[in-house]
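1. Sequence first, then the predicted structure:
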Amino acid sequence: MAKSRQLKGRIRSVENTRKITRTLVTPELSERFPLLRQPASPAQGGPTRAAVVLVTSNRGLAGGFNANLIKQTVTRIEQLEANGYTVDLHVIGKKGIGYFKYVGRTVASGRTDIGDKPTADHAAEVAEGLIRDFAEGQLAGVDLVFAHFKSAISTPPTLVRVLPVEPPAAGARRPDYLLKPGAGEILTELLPLYVRNTIFRGLVESAASEHGARRTAMKSATDNAGDILDVLRRTFNRQRQAQITQEIAEIVGGAAALEQ
């Protein structure tokens, strides 16, 4: 339980950082920073590559946890390819790497060292190359697929657009802040931090979701085993009772035959 509370605390921290970053973005600033730019489509001369980052677990025995994440990822890859993109797939976790190796899908990068103890440094390492490629115009976008931790029994696969960073909708009310040294200087630092924290959020929520999914799967397995044992015991008792009844009938029949 202590680990679950710590993970929830990290999730809240990442979400708060995201709120701060989104409040600073304006349409005017969006044109000045590469991480905010909306690339043109391949048909319009934009980048032809897109990246998808998938977070799975290193271990099994978690029900449909990994299968659902992989299914969400495959759907997203098919959508991107249908729109003319070549997809760079980055996979975290042995289960995801193993699946795509089995189906013959090339993985741009794979990591198995993060496990269920993700850190901010892990997220920064994952984000570094993606931020660089997007800023240089090599990537049209970066999507993150992870398990959203709603509760121990609700961990749906979730797709989040990491890059480009999407500003608030036009016309949304914004607080009137005085920013020093200025919004531009602050965004220079905050935008990469936002991307790293979005990935960190995915790692943390997936770790918490994995624990919940495995606990649910183990409980279901235990309950199912109990149900099967009950059926087997009843079947055994019925068969034994039938056998005893047959033996008694044979004894009685034999005794009656002797008396005649």
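-> Structure's in. What do you need?
2. Report the mean per-residue pLDDT for the longest strand along the chain.
-> Counting by DSSP state E, the longest strand found in the chain is strand 139-147. Across strand 139-147, pLDDT averages out at 96.
3. And for stretch 110-118?
-> Across stretch 110-118, pLDDT averages out at 91.
4. Now that stretch: buried residues?
-> Neighbour counts over stretch 110-118 (16 or more other C-beta atoms under 10 Å) mark Gly110, Arg111, Ile114, Gly115, Asp116, Pro118 as buried. To be clear about C-beta, it is placed using only N, CA and C from the backbone, and glycine gets the same treatment.
5. Of those, which pair is most distant in space?
-> Pairwise distances across those (C-beta to C-beta) peak at 17.0 Å, for the pair Gly110 and Asp116.
6. for stretch 66-83, which positions count as buried?
-> Asn66, Asn68, Leu69, Ile70, Gln72, Thr73, Val74, Arg76, Ile77, Leu80.
7. ok, residues contacting it?
-> For stretch 66-83, contacts defined as C-beta atoms under 8 Å, 6 or more residues apart in numbering pick out 41-42, 50, 52, 54-57, 60, 87, 89, 93, 95-96, 99, 143, 145-147, 156-159, 206.
8. Make a ChimeraX selection of whichever of these turn out to be buried.
-> A single ChimeraX command selects the buried members of these (16+ other C-beta under 10 Å):
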select :42,50,52,54,55,56,57,87,89,93,95,96,99,143,145,146,147,157,158,206
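9. can you put the buried residues of stretch 110-118 in CSV and add secondary structure?
-> As requested, those are exported to CSV (DSSP: H, G, I helix; E, B strand; the rest coil):
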residue, secondary structure
Gly110, strand
Arg111, strand
Ile114, coil
Gly115, coil
Asp116, coil
Pro118, coil
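10. of all these, which comes closest to Arg238?
-> Checking the buried residues of stretch 110-118 against Arg238 with C-beta to C-beta, the nearest one is Asp116 at 45.7 Å.
11. What does that closest one show for phi and psi?
-> phi -100, psi 20 (degrees, to the nearest 10).
12. give me every residue that touches it.
-> Contacts for Asp116 (C-beta under 8 Å, 6+ apart) come out as Ser57, Asn58, Ala207, Glu210, His211.
13. how about Ala135, what does it touch?
-> Pro34, Leu35.
14. quick one: it from Leu80, how far?
-> 20 Å (C-beta to C-beta, to the nearest Å).
15. Kindly report the same for Ala207.
-> From Ala207 to Leu80 the distance is 26 Å (C-beta to C-beta).
16. go on, Arg132?
-> According to C-beta to C-beta, Arg132 and Leu80 sit 20 Å apart.
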